[in-house]
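A.B. asks: Can you look at this prediction? I've put the sequence above it.
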Amino acid sequence: MPNPVMKSLTIGGTTYDTVGEASVTQVVSSGTKIATVSIDGASTDLYAPSGSTVEPATATPIVDGTAAVGTSTKYAREDHVHPTDTSRQAALVSGTNIRTVDGQTLLSSGDVIVTKLQSSSFNVVDKRSKIETSQSTMTLLAENTGLSPTVSSSIVLNHSGITIDKLVAPTTDTMPATKKYVDDSIPAISTTTCTLGTSGWTSDAITVTATGVTSSNNVIVAPAPTSVTDYAAAGIVCTAQGSGTLTFTRTSANTNSITVNVLILG
């Protein structure tokens, strides 16, 4: 029996004329039905031969690996999910699997500003600071630190020691101080001498010039070594001080001039 001749083909309600006269060389009537078409006005079921249909995959999707075309003829379902690749770094989450620095996240561009720096040798707290290091020197530039409330200060640590710049006057026992502050806090010390003659005494009292003495500074008076005996014999004591003067009294007249050394504090 000759093969049937197909002059037209209808699929989904649309009829297509064949070019010339096409022969249907094989009609498959078993396997998996895939469609029903109209051939020359007659409905005909189309089948795919057994084993020729594309089936969905049943294996779990694989993780990332070396790129390959693959050999499987199965298709992937649209809702399939690949397993997590545990060999790779998980997404970084600030404060969870990557630390922060003084409350600032590392997941950003630019420099991290260290606002709290502590060590055994210095402590700069809650201020904007920057550390610059070299082989022998570490310089800490602290803006508005406790070292100075109005200007930038610097601490330089090296093999020669520690240098602190622009310190303010200390207000507690533990605050550092500059050499000038210490020097200014120590009273100035000066010396002078005065002479107690045998004359010029009034009612066994005499006032003599003592350069540098004021009415309020501290003074220490003592006879010069050559006048110790006469000073003691006359019972001489210093009883008053004024601006540039000292007043002495005696219990008996001195027979020799007496030299008195004066130490002035402040």
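C.D. replies: Structure received.
A.B. asks: how close does Thr96 get to Val63?
C.D. replies: When CB to CB, to the nearest Å is the yardstick, Thr96 and Val63 sit 23 Å from each other. To be clear about C-beta, it is placed using only N, CA and C from the backbone, and glycine gets the same treatment.
A.B. asks: Give me the more crowded residue out of these two.
C.D. replies: Per other CB atoms under 10 Å, whichever of Thr96 and Val63 has more neighbours is Val63, with 12 against 9.
A.B. asks: For Gly70, pull up the helix or strand it's in.
C.D. replies: Under DSSP states H and E, no helix or strand contains Gly70.
A.B. asks: For it, what are phi and psi?
C.D. replies: The phi/psi pair for Gly70 (degrees, to the nearest 10) reads phi 90, psi 160.
A.B. asks: how close does it get to Ile220?
C.D. replies: Between Gly70 and Ile220 the computed distance is 105 Å (CB to CB).
A.B. asks: neighbour count winner among the two?
C.D. replies: With neighbours defined as other CB under 10 Å, Gly70 and Ile220 compare such that Ile220 has more, 11 against 7.
A.B. asks: Verify the stated contact: the more buried one with Val260.
C.D. replies: No. Applying CB atoms under 8 Å as the test, Ile220 and Val260 come out as separate, 10.7 Å apart.
A.B. asks: For Asp111, see how far away Val101 is.
C.D. replies: Separation of Val101 from Asp111 (CB to CB) stands at 11 Å.
A.B. asks: between the two, which one's more packed in?
C.D. replies: When Val101 and Asp111 are compared for neighbours, Val101 comes out ahead with 12 against 7, by other CB under 10 Å.
A.B. asks: Show me the helices in the chain, by range?
C.D. replies: Along the chain, counting by DSSP state H, helices occupy 179-185, 228-233.
A.B. asks: ok, and what's touching the shortest one?
C.D. replies: The set of residues that contact helix 228-233 without belonging to it, under CB atoms under 8 Å, 6 or more residues apart in numbering, is Pro223, Ser252, Asn254, Thr255, Asn256, Ile258, Val260.
A.B. asks: buried set for it?
C.D. replies: Within helix 228-233, the residues scored as buried using 16 or more other CB atoms under 10 Å are Asp230, Tyr231, Ala233.
A.B. asks: that older thread, any idea which of the helices of the chain has the lowest pLDDT on average?
C.D. replies: Sorting those by mean pLDDT places helix 179-185 lowest, at a mean of 84.
A.B. asks: okay, Ile186: pLDDT?
C.D. replies: Ile186 carries a pLDDT value of 82.
A.B. asks: Pull the number of nearby residues for it.
C.D. replies: Neighbours around Ile186, by other CB under 10 Å: 9.
A.B. asks: How much space separates it from Asp102?
C.D. replies: Counting by CB to CB, the gap from Ile186 to Asp102 is 41 Å.
A.B. asks: Can you redo the contacts of helix 228-233 as TSV, where the extra columns are pLDDT, neighbour count and distance to Lys179?
C.D. replies: Shown next, in TSV, are the contacts of helix 228-233 (pLDDT from 0 to 100; neighbours: other CB atoms under 10 Å; distance: CB to CB, whole Å):
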residue	pLDDT	neighbour count	distance to Lys179
Pro223	96	17	36
Ser252	96	10	50
Asn254	96	18	46
Thr255	94	10	50
Asn256	96	15	46
Ile258	97	24	40
Val260	97	21	34
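A.B. asks: Nothing else from me, thank you.
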